[in-house]
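Chemist: how would this look folded up:
(3 chains)
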Amino acid sequence: MPELAEVEYYRKQWDTGVGERIRAVAVHPDKRIFRECNAAQLVTELEGRSLCGSLTHGKQMLFEFSDGAWLRLRLGMTGNLSAANKDYEPSKHDHLVFECDSVALVFNDSRQFGSCRLHIGKELPSWWSSLPPQILDPRFTLEHCREALRRRSRSPLKSILLDQSWFPGIGNWMADEILWRTALHPALLGGSIRGSALKSFFNKTIEVARDALEVIGTDWGTPPTSWLFPHRWNDGGICPSTGEPLVRETIGGRTTCYCPTLQTLP
DNA sequence: CATCATGTTATAAT
DNA sequence: CATTATAACATGAT
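Modeler: Here you go, the predicted model:
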């Protein structure tokens, strides 16, 4: 499920474990979420350490452990984090569980598109510090957006917004929400956007990120019906702005929902 | 049984 | 080389 706001929500689910010592790490070592790291090494490295804190960058999370250990998690399509009782029995898709003194921290991912990466060292891993600016970072500027659209000038806007190297944390629903609020057709090419459309694209990207974090990232609240969000999931949705039927089609390889009255092609 | 799913990446093609 | 398009990944819901 996770885009930047959902990821922020899930990150906080492990806050109850901050300061706790990890007595044991339970893994399903052959599962695909460990394809980028060694599950056995992860277990031996992290057992006995304490969880110190965590942060997010787009759809990625980084957990810091005592004495210089860092674990980056991605949730893929179906991953989620939760806290459970300390004697929790891992179920089928609980591929990584930290058994702490008073809680169990659970990473569950049925489709296993999520992943882990371990870094041992006192400082933030360099691959984390060199990530591109987050959308709510002051370094995320109009110029940054202009460059993204220039470099990807022959791609549809929908694909560009899903490009994590330019728009970290934007996923399928946020991209649709941004384009709908900007009144830009998702199939428009990046190279066709300039002037006031570019400014709007930039502003709405930030607005949607902020709104999503407020409503979903805090306590997984329900987005208001004035957003595209609650109307976009199934066929038959009605645009809350125009009252016209929404359209769902594949653009940039992903199901895309937009209002054909509001978002038109030249 | 077939289709679809809030994501990323390896590979091929341009 | 830089950019773009597509298939593949593993599982569950409809």
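Chemist: Break chain A down into its domains, please.
Modeler: The record, using automatic domain parsing to delimit domains, assigns chain A the ranges A:4-129, A:142-258.
Chemist: helices and strands of chain A: which one bottoms out on pLDDT?
Modeler: The weakest-scoring helix or strand in chain A, judged by mean pLDDT, DSSP states H and E, is helix A:218-219 (a mean of 92).
Chemist: ok, then the element right after that helix?
Modeler: The helix or strand immediately downstream of helix A:218-219 is strand A:247-251, counting by DSSP states H and E.
Chemist: check whether stretch A:140-150 contacts DNA strand C.
Modeler: No: shown here: stretch A:140-150 not in contact with DNA strand C (C-beta under 7 Å from any atom of the strand), separated by at least 7.8 Å. The C-beta positions use only the backbone N, C-alpha and C, and glycine is treated the same way.
Chemist: So which bits of that stretch are buried?
Modeler: Across stretch A:140-150, burial judged by 16 or more other C-beta atoms under 10 Å covers A:140, A:144-146, A:148-149.
Chemist: what sits against the residue in the stretch 151-266 of chain A that DNA strand B sits nearest to?
Modeler: Per C-beta to the nearest atom of the strand, residue A:171 is where the stretch 151-266 of chain A lies closest to DNA strand B, at 2.3 Å. Residues in contact with residue A:171 (C-beta atoms under 8 Å, 6 or more residues apart in numbering) are A:2-4, A:59, A:162.
Chemist: again, only using 6 Å
Modeler: Counting by C-beta atoms under 6 Å, 6 or more residues apart in numbering, residue A:171 touches residue A:3.
Chemist: how close does it sit to residue A:209?
Modeler: Distance check for residue A:171 against residue A:209: by C-beta to C-beta, to the nearest Å, it reads 11 Å.
Chemist: give the contact list for residue A:53.
Modeler: A:18, A:64.
Chemist: which element is it on?
Modeler: strand A:51-57.
Chemist: who does that strand pair up with?
Modeler: strand A:60-65 (antiparallel) (DSSP bridges).
Chemist: Next, see if the following helix or strand past the strand it pairs with gets close to DNA strand B.
Modeler: The C-terminal neighbour of strand A:60-65 among helices and strands, as given by DSSP H and E, is strand A:69-74. Yes: Strand A:69-74 lies within reach of DNA strand B by C-beta under 7 Å from any atom of the strand, at residue A:74.
Chemist: State the number of residues packed around the closest residue to residue A:189 other than its chain neighbours.
Modeler: Nearest non-adjacent residue to residue A:189, counting by C-beta to C-beta, 6 or more residues apart in numbering: residue A:154, 5.9 Å away. The tally of other residues near residue A:154 (other C-beta atoms under 10 Å) stands at 9.
Chemist: mind listing what residue A:101 touches?
Modeler: Residue A:101 makes contact with A:20-21 under the criterion C-beta under 6 Å, 6+ apart.
Chemist: Give me the below-cutoff pLDDT ranges for chain A.
Modeler: Applying pLDDT under 70 to chain A flags residues A:1.
Chemist: Get me the contact residues on it for DNA strand B.
Modeler: Where chain A comes near DNA strand B, counting by C-beta under 7 Å from any atom of the strand, the residues are A:1-3, A:6, A:58-59, A:74, A:76-77, A:111, A:113, A:115, A:162, A:164, A:171-173, A:233, A:253-255.
Chemist: Need the buried ones from these selected in PyMOL.
Modeler: Buried members of the residues of chain A next to DNA strand B, defined by 16+ other C-beta under 10 Å, are picked up in PyMOL with:
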select buried, chain A and resi 2+3+6+58+59+74+76+115+162+171+172+173
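Chemist: Okay, and which of the residues of chain A next to DNA strand B map to helices?
Modeler: Cross-referencing the residues of chain A next to DNA strand B against helices under DSSP state H gives A:6, A:172-173.
Chemist: Excluding chain neighbours, give the residue nearest to residue A:230 in space.
Modeler: Counting by C-beta to C-beta, 6+ apart, the residue nearest residue A:230 is residue A:223, at 6.1 Å.
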